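>>> Give me the fold of what follows.
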Amino acid sequence: MGELRIAWLNGWIYSAIFMAVALSAYIFARRMTSFAWMSRTQFGIAGMADAIMTGLCIYTIWKPIVYPGVLFWAGNLLYVLGLACVILAIHAFATTPSDQAVTRGIYALLRHPYYVGSYLCMIGIGLICRDGLIVLLTLVSAVPGCLSAKWEEQHLLQTFGPAHTDSVHDREQ
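Reported below is the predicted structural model:
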């Protein structure tokens, strides 16, 4: 295993962009998500996914970008797709009134584009840095992330009823 050292061409460049975009949801969203509906256990399990992802972003400070190669380009493709999902999710969330379920834009195609995009970004960074630990821990963080998504679906169903699962295509027919 190579030595860990901070350098300007390390994975932190990708992580910093991802974190800036992901955290912009709190700036641009006209509504904030409350997690008061979650039990302490659910909140703790959901927080594990966030903690792992944040830890991985910090870890990339020491991980060099490995260029060129197939993994570099595949990682960049996944990263860009993931970042697009996150940006589109934030836009749809921010432009939907708070008393309505978010079902338009990318939410008409994916139920949890923010989660999917985040995981794609981190797997992409793992490939770009050729670090299997980043990929593995991203997949591990998907377990509590999927549980959180399941609990969110239940909460949204209780809050908005079946309207929250409607897609643009369903409403046009």
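
>>> Distance check, the spatially most central residue of the chain against Ala163.
Closest to where the C-alpha atoms of the chain average out (C-alpha atoms, centre = their mean) is Ser118, at 2.3 Å. For Ser118, the distance to Ala163 (C-beta to C-beta, to the nearest Å) stands at 26 Å. C-beta coordinates here come from the backbone N, C-alpha and C atoms, glycine included.

>>> same thing with Arg40?
29 Å.

>>> can you check Ser98 too?
In terms of C-beta to C-beta, Ser98 sits 14 Å off from Ala163.

>>> Just give me the longest helix of this structure.
helix 132-160 (DSSP state H).

>>> Point to the helix or strand of this protein where mean pLDDT is at its lowest.
For the chain, the helix or strand with the lowest mean confidence is helix 168-172, at a mean of 44 (criterion: mean pLDDT, DSSP states H and E).

>>> Let's verify Gly55: helix, strand, or coil?
helix (DSSP: H, G, I helix; E, B strand; the rest coil).

>>> How about the contacts made by it?
Leu137 (C-beta atoms under 8 Å, 6 or more residues apart in numbering).

>>> pLDDT score for it?
Looking at Gly55, its pLDDT reads 96.

>>> Ok, the one 3 residues further on next?
Looking at Ile58, its pLDDT reads 94.

>>> go on, Met1?
46.

>>> looking at this, Gln100 is in a helix?
No. The assignment for Gln100, made by three-state DSSP, is coil rather than a helix.

>>> before we move on, the earlier item: neighbour count: Arg40 and Ala163, which is higher?
Between Arg40 and Ala163, counting by other C-beta atoms under 10 Å, Ala163 is the more crowded of the two (13 against 7).

>>> which one is that one nearest to, not counting chain neighbours?
Leaving out its chain neighbours, the residue that sits closest to Ala163 by C-beta to C-beta, 6 or more residues apart in numbering is Ala101, at 5.3 Å.
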